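[1] with the input below, show me the fold.
(one chain, ligands or ions: 2)
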Amino acid sequence: MLRIGLTGGIGAGKSTVSSRMAERGALIVDADLIAREVVAPGTPGLAAVVSRFGDGVLARDGALDRAALGRIVFSDKAARRDLEGITHPLIFAETVRRFEAARPDQVVVHDIPLLVELGREVDYPLTVIVAAAEEVRHTRLVRDRGMDSDEAWSRIRAQANDEQRLAAADVWLLNEGSPDDVIAAVDALWDNRIRPYDENLRSGRGVRRPSLAELVDYDPQWPAVADRLGRRIATQLRNAGFGELTVEHIGSTSVPGLAAKNVLDLQLLVPDLAVAEQDSFASGLLAAGFAEFRLNEDTPQPWATDPALWTKFSALGCDPGRVVHLHVRAADGPGAELARDFRDWLRANDDERAAYEVMKREVADAHPGGTEDTRGDYPEAKEPWFAENLPRAKAWADARRGG
Ligand SMILES: CC(C)(COP(=O)(O)OP(=O)(O)OC[C@H]1O[C@@H](n2cnc3c(N)ncnc32)[C@H](O)[C@@H]1O)[C@@H](O)C(=O)NCCC(=O)NCCS
Ligand SMILES: Nc1ncnc2c1ncn2[C@@H]1O[C@H](COP(=O)(O)OP(=O)(O)OP(=O)(O)O)[C@@H](O)[C@H]1O
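    Ligands and ions are numbered 1, 2, ... in the order given. Next up is the predicted model:
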C-alpha cells in the first residue's frame with residue numbers, strides 16, 4: 001500500500017538501496033529497467049528512436065547501441081529532451097501497469113533516477129534520496145563501471161543538484177561510508193519508518209505527537225516540508241477529481257523564530273465542507289499519507305457566533321517520521337481566516353511573538369511530562385491567553401485589510 005519514490009544522482013547507490021529494500025519485501029518498479037524494455041528490438045520505441053537519431057545508434061545485431069546514444073544525449077540537452085519525449089510516455093504507461101499489479105499488502109518502491117528532475121516528489125507519500133558528493137559518485141562510476149571521466153561528469157551534470165534533491169527528500173540517505181553502512185541504514189529505515197508507515201496506512205491510523213511533546217527551537221526546514229506535504233495533498237486530491245485546492249502552512253511551525261512543538265499544522269481549503277464528505281476525498285488524502293479523517297469543531301469565536309461556521313474536518317499524517325495535523329476548512333469561513341490572521345500577526349509583530357513564546361513556556365513548565373491524557377489541563381491553560389489575543393490578532397488583520 002505504501003508507495004515510495006526512491007532516487008539519487010547517478011552513482012549515489014540507489015540500486016544498492018533498492019536491492020536491500022527488495023530483500024526486505026518491497027516490490028521494486030525500476031525505471032531504468034523499463035526504459036530498456038521500451039526500446040528493446042522490435043518495439044515501436046526503438047523504431048521512433050532510430051527515426052530521430054539515425055542508424056548510427058543501432059548495433060550490428062539491430063539492438064540499441066546504448067553507449068553511442070548516451071554519448072549523443074548526455075552532451076546535448078535538446079537531443080536528450082527528444083529522447084525523453086519518445087521514451088517517457090512509454091515508460092509512464094508501463095509504470096502505471098506495474099503499480100496497478102502490486103498486491104495491496106506490498107510496499108512498492110519506484111526506483112526512478114529522474115524523480116526530482118520531473119518534479120514527481122508529489123506522487124508518493126514518502127521520498128527517499130540516496131546521496132553522495134559528486135566527486136565520490138564520479139570516482140565510483142569511473143572505478144566500478146569503467147566509465148570515461150568526461151562521460152561520468154556529463155551524466156552528473158545532466159541531472160539535478162543536491163539542493164534540488166534535498167527539497168524533495170523526506171529521507172536523506174547519505175551513502176559515503178561502506179556499502180554495509182548504507183544497508184544498515186536501509187534496515188533501520190525499513191523497521192522504524194517504512195513498515196510502521198505502511199501499517200498505519202493499511203489500518204487507517206494517524207501518528208500522534210510524542211507523549212513528551214517538548215517545545216523545540218524553530219526549524220528553518222519546516223516551511224519546505226510543509227510546502228512539499230501541501231503539494232502532495234493537492235496532487236492526490238486533483239487526481240481524485242477535486243480540482244485545484246490550496247493548502248496553507250499555519251500554526252506555530254509557520255512562524256519563523258517561534259519555538260514550537262514539532263507538529264506541522266496544515267490547512268486545506270475547500271469551497272464548501274460538503275465537498276469533503278465524499279468517500280473519494282478521504283481516499284485521496286490516504287493516497288497522500290493522511291488518515292483518521294473526521295468531523296471536528298473549532299472553538300467558536302465571539303465575532304461569528306453561528307457554531308456551524310466553525311465546523312471543520314481533520315486528519316493526521318501516517319508517517320512515523322513526523323507529526324502532521326491537517327485541518328480541512330471552508331475557504332471563506334472564519335476558522336480558516338483566523339488561522340491565517342493569527343499566523344500573520346505573530347510573523348509581523350516581534351513583541352507579540354515573544355510574549356506568546358513566554359506564555360507557551362510557562363504553561364509547558366507548569367505541565368511537565370506526562371502523556372496527552374495525563375497532562376490534564378495543559379490545553380485549557382492556554383485558553384485565557386487565546387481568549388485575549390485572538391481578537392487582537394483579528395483586529396490587526398482587519399485593519400490591514402482596511403476593514
Ligand atoms: C541514453 C541511454 C540509452 C544510455 O543508456 P545506458 O545503458 O548507458 O545507461 P542507463 O539507461 O543504464 O542509465 C544509467 C543512469 O544514467 C542516468 N540517466 C539515464 N537517462 C537519463 C536522462 N534522460 N537524464 C539524466 N540522467 C539520465 C540515470 O542516473 C541512470 O540511472 C539511456 O539512459 C536512456 O535511454 N535514457 C533515456 C530514458 C530515461 O530518461 N531514463 C531514465 C529513467 S526514466
Ligand atoms: N557505499 C559505497 N561504497 C563504495 N561503493 C559503493 C557504495 N555504494 C554503492 N557503491 C558502488 O557504486 C556504484 C554505483 O552504485 P549503484 O549502482 O547502487 O548506484 P545508482 O545510484 O543506482 O546508479 P545509477 O543511477 O547508475 O543506477 C556501484 O558500482 C556500487 O557497487
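[2] which bits of the stretch 101-250 of the chain sit near ligand 1?
    Ile112, Pro113, Leu114, Arg155, Ala158, Gln159 (C-beta under 6 Å from any ligand atom). (Each C-beta comes from the backbone N, C-alpha and C, glycine too.)
[3] show me where the stretch 151-300 of the chain has helices.
    Assigned by DSSP state H, counting those that start in this stretch, the stretch 151-300 of the chain shows helices spanning 162-168, 179-189, 195-203, 222-239, 279-287.
[4] with mean pLDDT added, can I get these in TSV?
    TSV is the format used below for these (pLDDT from 0 to 100):
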stretch	mean pLDDT
helix 162-168	96
helix 179-189	98
helix 195-203	98
helix 222-239	98
helix 279-287	97
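[5] hang on, the earlier thing: show the buried residues in the residues of the stretch 101-250 of the chain next to ligand 1.
    Applying 16 or more other C-beta atoms under 10 Å to those, the neighbour count classes Ile112, Pro113, Leu114, Arg155, Ala158, Gln159 as buried.
[6] what score does the first one have for pLDDT?
    In other words, Ile112. Per-residue pLDDT puts Ile112 at 98.
[7] what sits against the closest residue to it other than its chain neighbours?
    The shortest distance from Ile112 to any non-neighbouring residue, by C-beta to C-beta, 6 or more residues apart in numbering, is to Ala31 (4.2 Å). If you count contacts by C-beta atoms under 8 Å, 6 or more residues apart in numbering, Ala31 has them with Ile91, Thr95, His110, Asp111, Ile112, Pro113, Leu114.
[8] show me the domain layout of the chain.
    As assigned by automatic domain parsing, the chain contains the domains 3-203, 215-401.
[9] which one of those domains lies nearest to Arg209?
    domain 215-401 (4.6 Å; C-beta to C-beta).
[10] can you measure across that closest one, start residue to end residue?
    For domain 215-401, the first and last residues are 32 Å from each other (C-alpha to C-alpha, to the nearest Å).
[11] before we move on, the earlier item: columns distance to Cys318 and mean neighbour count on top of the helices of the stretch 151-300 of the chain, output as JSON lines?
    Formatted as JSON lines, those follow (distance: least, C-beta to C-beta, whole Å; neighbours: other C-beta atoms under 10 Å):
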{"stretch": "helix 162-168", "distance to Cys318": "19", "mean neighbour count": "16"}
{"stretch": "helix 179-189", "distance to Cys318": "16", "mean neighbour count": "15"}
{"stretch": "helix 195-203", "distance to Cys318": "4", "mean neighbour count": "18"}
{"stretch": "helix 222-239", "distance to Cys318": "12", "mean neighbour count": "19"}
{"stretch": "helix 279-287", "distance to Cys318": "8", "mean neighbour count": "18"}
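[12] ok, longest helix in this structure?
    Ranked by number of residues, the top helix in the chain under DSSP state H is helix 77-101.
[13] how far does that helix sit from its chain's centre?
    Distance of helix 77-101 from the chain centroid (C-alpha atoms, centre = their mean, to the nearest Å) equals 22 Å.
[14] who does it touch, helix- and strand-wise?
    strand 27-30, helix 31-37, helix 44-53, helix 66-73, strand 108-111 (3 or more C-beta pairs under 8 Å, 6 or more residues apart in numbering; DSSP states H and E).
[15] burial check on the closest residue to Val130 other than its chain neighbours, number of neighbours?
    Closest residue in space to Val130, ignoring its immediate chain neighbours: Gly8 at 3.4 Å, by C-beta to C-beta, 6+ apart. Residues lying near Gly8 (other C-beta atoms under 10 Å) number 30.
[16] and His367, by the same measure?
    Count around His367 with other C-beta under 10 Å applied: 15.
[17] and His88, by the same measure?
    Neighbour count for His88, taken as other C-beta under 10 Å: 17.
[18] so which bits of the protein are right by ligand 2?
    8, 10-16, 32, 113, 140, 144-145, 175, 177-179, 182.
[19] mind doing that once more with 5 Å?
    Contact residues, the chain versus ligand 2 (C-beta under 5 Å from any ligand atom): Gly8, Ile10, Gly11, Ala12, Gly13, Lys14, Ser15, Thr16, Arg140, Asp144, Asn175, Pro179.
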